[in-house]
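>>> coordinates only, sequence not included:
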């Protein structure tokens, strides 16, 4: 790399470190003209020769307008307020391909307080963003599969005796939104006691059909005691009072000492199949 006067006073070992670092380092003057870019940045933007870009305004002309406007706004803020500015934003390389960076702009002032130059430090987070996008797509597909199969998942905090997470489809089985399902459980705190068995039984009585309550309690209490998975079909009463048939699969979660701390599982609405089964049995 060819270095400008901004780096001439920098020790040789520091310049060597910058060139070997995977972090993209840029140095700009107060007018945002580029005076230095480390190899990591040059390679990330696929620039064959950085020298023609020195002492020219940053960001480069091959950036799209939206990216340029955002970067210029952050540079102006850092220079104006003399504060460190951090952002995550996609830019494009010289071929027009999108690249994501986590960037920190550090304004450097002289003894009089005037901005002498800006150090722009960027970390390539393209791989992380790609993983996040894949995760988002997977979550969307999973939610769609849950909805089609009328299957929802839930997570229960045993120590606090509360529902600590659930999917949209789980809440829908009870004819609730996620907020309503979580809120309804949170509002039950008024009757919760140190005796979690009492609290748990009260929770069950709120939604498990009274004719299935004893059987459900026996199955789940045995699973809690033996710390084993369980599977059971039973009836629930939804928020509107409708009776639904469900299939629940539960799994215990233990800490390092073997103490039961959480349970998680799925619940599937099997009402339609049960009603069809009952109709066939009646006809038979």
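Good, I have the coordinates. Keep in mind the model is a prediction, meaning the values are calculated, not measured.
>>> pass me the low-pLDDT residue ranges in the chain, would you?
1-15, 137-149, 183-205, 277-278, 281-284 (pLDDT under 70).
>>> quick one: the helices in it?
Counting by DSSP state H, residue ranges of the helices within the chain are 12-20, 39-44, 65-81, 126-149, 168-173, 178-187, 196-207, 213-226, 271-283.
>>> how far away is residue 38 from residue 31?
Distance from residue 38 to residue 31, counting by Cβ to Cβ, to the nearest Å: 21 Å. In this view, the C-beta of every residue, glycine as well, is placed from N, C-alpha and C.
>>> just residue 120 next, same as before
To residue 31, residue 120 is 14 Å away according to Cβ to Cβ.
>>> which of the two has more neighbours?
Between residue 120 and residue 31, counted using other Cβ atoms under 10 Å, the more crowded position is residue 120 (27 against 9).
>>> was I right to think the more buried one contacts residue 107?
No. Between residue 120 and residue 107 no contact is recorded; they are 10.2 Å apart, counting by Cβ atoms under 8 Å.
>>> skipping its backbone neighbours, what lies nearest residue 265 in space?
By the measure of Cβ to Cβ, 6 or more residues apart in numbering, the closest residue to residue 265 outside its immediate chain neighbours is residue 250, 3.8 Å from it.
>>> which ones are touching that neighbour?
Going by Cβ atoms under 8 Å, 6 or more residues apart in numbering, residue 250 touches 220, 223, 229-231, 263-265.
>>> same check, this time on residue 108
For residue 108, the set of contacting residues under the criterion of Cβ under 8 Å, 6+ apart consists of 115-119.
>>> from residue 114, how far off is it?
Spatial separation of residue 108 from residue 114 under the definition Cβ to Cβ is 10 Å.
>>> what's near enough to touch the nearest residue to residue 41 once chain neighbours are set aside?
Among residues not flanking residue 41 along the chain, residue 24 sits closest, at 3.3 Å (Cβ to Cβ, 6+ apart). With contacts taken as Cβ under 8 Å, 6+ apart, residue 24 has the following neighbours: 37-38, 40-41, 44, 101, 121-124.
>>> good, wrapping up.
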